[in-house]
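S.K.: need the 3D shape of this:
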Amino acid sequence: MACNGDKFFFFKIIFVLYSVANSYGYVCQGGWYGLECKLRCFGHCRNNAFCNHVTGQCDNGCAEGWKGIYSECKDGYYGLDCKFKCSSHCQNNGPCNKKTGHCDEGCEAGYTNLLCNSVCPSGYFGNRCMERCSAYCLNDMVCNHVDGVCADGCDDGYIGDRCDKLCKGGYYGRNCSQKCSPKCIDTCQHTDGSCTCSFGWMGINCNQDSTDSVLPIPLIWFLGLLLSVVLNLCFVLIAGFKHFR
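M.R.: Numbers count the residues shown, from 1 in each chain. Next comes the predicted model:
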């Protein structure tokens with residue numbers, strides 16, 4: 001039943017009640033209506049207005065959350081004339097407040113504000129958007145605002161849907177699919193496989209045999225120093241020989 005009433009349906013009643021009211025020469029006190037003012041208004045008129053003293057209808061419409069003086073908005077709708085649709089992201093799929101549209105029990109994961117119609121700010125996810133995305137989503141991509149998943153995968157050295165786990169010991173790289181070199185003294189770095197090499201091995205991943213390469217730099221320095229000493233000694237001996245001739 002609409003708050004403005006069906007004038008055709010109530011025509012006879014209105015006529016009779018107005019006639020009775022006029023014959024007594026008074027109007028019902030605010031909040032009451034009908035024959036001899038024995039009926040109390042339902043109290044759902046807009047802006048807390050009193051109902052019509054004859055019909056009991058709300059002449060200026062219903063309050064938020066009501067559609068007709070006898071019926072609230074059905075679940076999923078709210079506001080004046082119940083014309084606004086609730087968010088579909090209220091906690092536990094519950095209905096919103098029929099007056100304000102607020103999700104009184106809060107929002108489901110990934111959504112925020114009173115109406116639960118906004119996603120979490122970039123870089124956050126989960127209930128009340130309190131959790132931070134991983135800093136290791138591939139190519140600095142932002143995680144999913146609901147569950148924190150890194151949809152495009154993880155940076156080198158990290159695994160898990162949320163890229164929040166390191167490679168286990170002995171593995172490194174994209175999806176932790178590379179094995180550390182057995183020539184590492186200890187386990188390698190989980191990101192690029194670099195490590196401290198065992199004797200006789202060199203390179204970032206200790207995969208180069210140092211015996212196959214150019215002489216190590218410290219040895220070159222030693223040989224250079226030795227050659228310098230020998231040459232200097234020769235010069236001294238030659239100079240001394242010339243001096244005593």
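S.K.: if I look at residue 44, how far off is residue 63?
M.R.: 5 Å (C-beta to C-beta, to the nearest Å). In short, each C-beta sits where N, CA and C put it, glycine included.
S.K.: so what's residue 147 up against?
M.R.: By C-beta atoms under 8 Å, 6 or more residues apart in numbering, the residues touching residue 147 are 109, 110, 125, 126, 161.
S.K.: hang on, it is in a helix, isn't it?
M.R.: No: using DSSP: H, G, I helix; E, B strand; the rest coil, the assignment for residue 147 is coil, not a helix.
S.K.: give me the phi and psi for it.
M.R.: When read as degrees, to the nearest 10, the backbone of residue 147 gives phi -120, psi 0.
S.K.: what is the burial count for the nearest residue to residue 174 once chain neighbours are set aside?
M.R.: Of all residues not flanking residue 174 in the chain, residue 156 sits nearest, at 5.3 Å (C-beta to C-beta, 6 or more residues apart in numbering). Neighbour count for residue 156, taken as other C-beta atoms under 10 Å: 19.
S.K.: neighbours around the closest residue to residue 56 other than its chain neighbours, how many?
M.R.: Leaving out its chain neighbours, the residue that sits closest to residue 56 by C-beta to C-beta, 6+ apart is residue 33, at 4.4 Å. Other residues lying near residue 33 total 24 when counted by other C-beta under 10 Å.
S.K.: how confident was the prediction at residue 33?
M.R.: Listed pLDDT for residue 33 reads 75.
S.K.: that one reaches residue 58, doesn't it?
M.R.: No: look at residue 33 against residue 58 with C-beta atoms under 8 Å: they stay out of range, at 11.0 Å.
S.K.: which residues are common contacts for these two?
M.R.: Residues touching both residue 33 and residue 58 by C-beta under 8 Å, 6+ apart: 51, 52.
S.K.: which parts of the chain are helices?
M.R.: Secondary structure of the chain, counting by DSSP state H: helices at 11-24, 217-244.
S.K.: pick out the shakiest of those, pLDDT-wise.
M.R.: helix 11-24 (a mean of 51).
S.K.: if we can go back for a sec, format the contacts of residue 147 as a markdown table; extra columns: distance to residue 187.
M.R.: Below are the contacts of residue 147 laid out as a markdown table (distance: C-beta to C-beta, whole Å):
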| residue | distance to residue 187 |
| --- | --- |
| 109 | 37 |
| 110 | 37 |
| 125 | 32 |
| 126 | 33 |
| 161 | 25 |
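S.K.: hmm, which of those are the buried ones?
M.R.: 109, 110, 125, 126, 161 (16 or more other C-beta atoms under 10 Å).
S.K.: just put these in CSV and tack on distance to residue 74 and pLDDT.
M.R.: Compiled in CSV, these are given as follows (distance: C-beta to C-beta, whole Å; pLDDT from 0 to 100):
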residue, distance to residue 74, pLDDT
109, 26, 97
110, 26, 97
125, 32, 97
126, 31, 97
161, 39, 97
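S.K.: where does the prediction get shaky in the chain?
M.R.: Flagging of the chain using pLDDT under 70 yields the residue ranges 1-26, 42-43, 68-70, 212-221, 239-245.
S.K.: ok, now how distant is the residue nearest to residue 97 when sequence neighbours are not counted from residue 155?
M.R.: Excluding the flanking residues, the one nearest residue 97 by C-beta to C-beta, 6+ apart is residue 104, at 5.3 Å. Going from residue 104 to residue 155 by C-beta to C-beta gives 41 Å.
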